[in-house]
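K.L.:
just to be clear, the model below is a prediction. Sequence and coordinates:
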Amino acid sequence: MLKNVPLSIFLLVYIGFSLIFHQAPPLSWLNRFTDFSTISGLSALLFIEFLSFSLWVLLLTPFFIISIKPGKLIAVILLILNATALFWMTSLGVVMTKAVIASLFFTDYSEASGFLNDDYMLHLVLLGILPSVVVVLVPIAPFKRRVLCLYPIFSVALIFTATSLAPNLTSWVNTNGTQLGSRLLPWSYIGQNHKLRKRFDKWILWSVFWRVCSIARWHHRR
């Protein structure tokens, strides 16, 4: 029987998994401009990863404050979406722009079936489904919501401190925000969905998820 895991450890492992296995596109793009073996290149990498980690905490903790179940549900959905987006971005060489997100709503099943091959299914299982099973099965120890409410506050404080102490890196991120943001998961599709909210309904993220699931079920039945 699995022992209860503190929520802080759960979040640390979950976010760490995403930063290690779901961030190939931004790392590949960043490697074009920086050398990770130098201090400046390593600093840029750590700065981006630190900001991403803090944003992950801001994203997940509000759902866990409500309850463990919605927190795990969002965690599972993001794993599946990240694995799918990562496969498309690495295999097709695309980035998550507004045009790419919008095209999901007009893609015919017969067109999409060509991309739902064995490589995609293996990728989805290893980086999406299996981690999701772990998320569902791992029991989380009871926690005090008052303490958990401090997590987003600390994250905002850390982001403010980091951007204040590293103005050059902050300026570089702002300058390249479009290129970086379209490759950084899950912020790429979350950000683009936010920009498209006037064009689509406010549940576009859920719609993308269910559309992907529908395509996968259709391919499986064939």
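P.N.:
Received it, and whenever you're ready, just let me know what you need. Numbering: from 1, shown residues only.

K.L.:
nearest residue to the middle of this protein?
P.N.:
In the chain, the residue lying closest to the centroid (C-alpha atoms, centre = their mean) is residue 186, at 2.5 Å.

K.L.:
I'd like the next helix or strand past the helix or strand where residue 164 lies.
P.N.:
If you go by DSSP states H and E, residue 164 is part of helix 150-165. As assigned by DSSP H and E, the chain's next helix or strand after helix 150-165 is helix 167-175.

K.L.:
can I assume residue 36 sits in a helix?
P.N.:
No - Residue 36 is assigned coil when assessed by DSSP: H, G, I helix; E, B strand; the rest coil, not a helix.

K.L.:
could we number from 546 for the rest of this?
P.N.:
Done: numbering now begins at 546, and the last item shifts to residue 581.

K.L.:
which residues are in contact with it?
P.N.:
587, 590 (C-beta atoms under 8 Å, 6 or more residues apart in numbering). All C-beta spots, glycine's among them, are computed from the backbone N, C-alpha and C.

K.L.:
so for it, what's the pLDDT?
P.N.:
What the model reports for residue 581 is a pLDDT of 75.

K.L.:
for residue 711, what are its contacts?
P.N.:
Counting by C-beta under 8 Å, 6+ apart, residue 711 touches 588, 592.

K.L.:
once you drop chain neighbours, what's closest to residue 594?
P.N.:
Leaving aside its sequence neighbours, residue 594 sits nearest to residue 564 (C-beta to C-beta, 6 or more residues apart in numbering; 5.7 Å).

K.L.:
wait, doesn't the one you found sit right on residue 595?
P.N.:
No - using C-beta atoms under 8 Å, residue 564 is not in contact with residue 595; the gap is 9.9 Å.
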